[in-house]
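Peer 1: sequence first, predicted coordinates after that:
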Amino acid sequence: MLRKREVVQETPKKVSYIRKPLAKHSKWSLGLCAAGLLLFAGTLYITVWEQGQSGMYAGALGFSSLVFSFLGLWYSICALLEKEKNYILARISLPVSGILIIIWLVMIIIGLRS
């Protein structure tokens, strides 16, 4: 008597094709992070172009970059606290804003020591 092999069927993994909307604050966090990054690049360009003898406008750009980085970090954290959303933009802007803040704080400490 031949026995038929029992076929064990595995249940396929369920994939949800419903797209989650972006977190409300994530667009703001990415925009503020990009603004901070552009102001940072502009400040460094002006400082190097004028060989370290830049005026108050370079300081204003630097301070604005620091403020935009703090706001981008804040909005990234707020976006990550939203429930059932897509967090990709917040996950991009969170480390970039954090790194910009650390760079600015290090530059301020170096400037105060010299």
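Peer 2: Cool, got the structure.

Peer 1: so how many other residues sit close to residue 71?
Peer 2: 18 (other Cβ atoms under 10 Å). In short, each C-beta sits where N, CA and C put it, glycine included.

Peer 1: so how far is residue 50 from it?
Peer 2: As judged by Cβ to Cβ, to the nearest Å, residue 71 and residue 50 stand 28 Å apart.

Peer 1: and if you look at residue 114?
Peer 2: For residue 114, the distance to residue 50 (Cβ to Cβ) stands at 18 Å.

Peer 1: what about residue 101, how many neighbours?
Peer 2: If we define neighbours as other Cβ under 10 Å, then residue 101 has 17 of them.

Peer 1: circling back to that earlier point, between residue 114 and residue 50, which one's more packed in?
Peer 2: When neighbours are counted by other Cβ under 10 Å, residue 50 comes out ahead of the other of residue 114 and residue 50, with 11 against 5.

Peer 1: leaving out sequence neighbours, find the closest residue to the more buried one.
Peer 2: Closest residue to residue 50 apart from its sequence neighbours, by Cβ to Cβ, 6 or more residues apart in numbering: residue 58 at 7.7 Å.

Peer 1: that neighbour sits in which helix or strand?
Peer 2: Using DSSP states H and E, the secondary-structure element containing residue 58 is helix 56-80.
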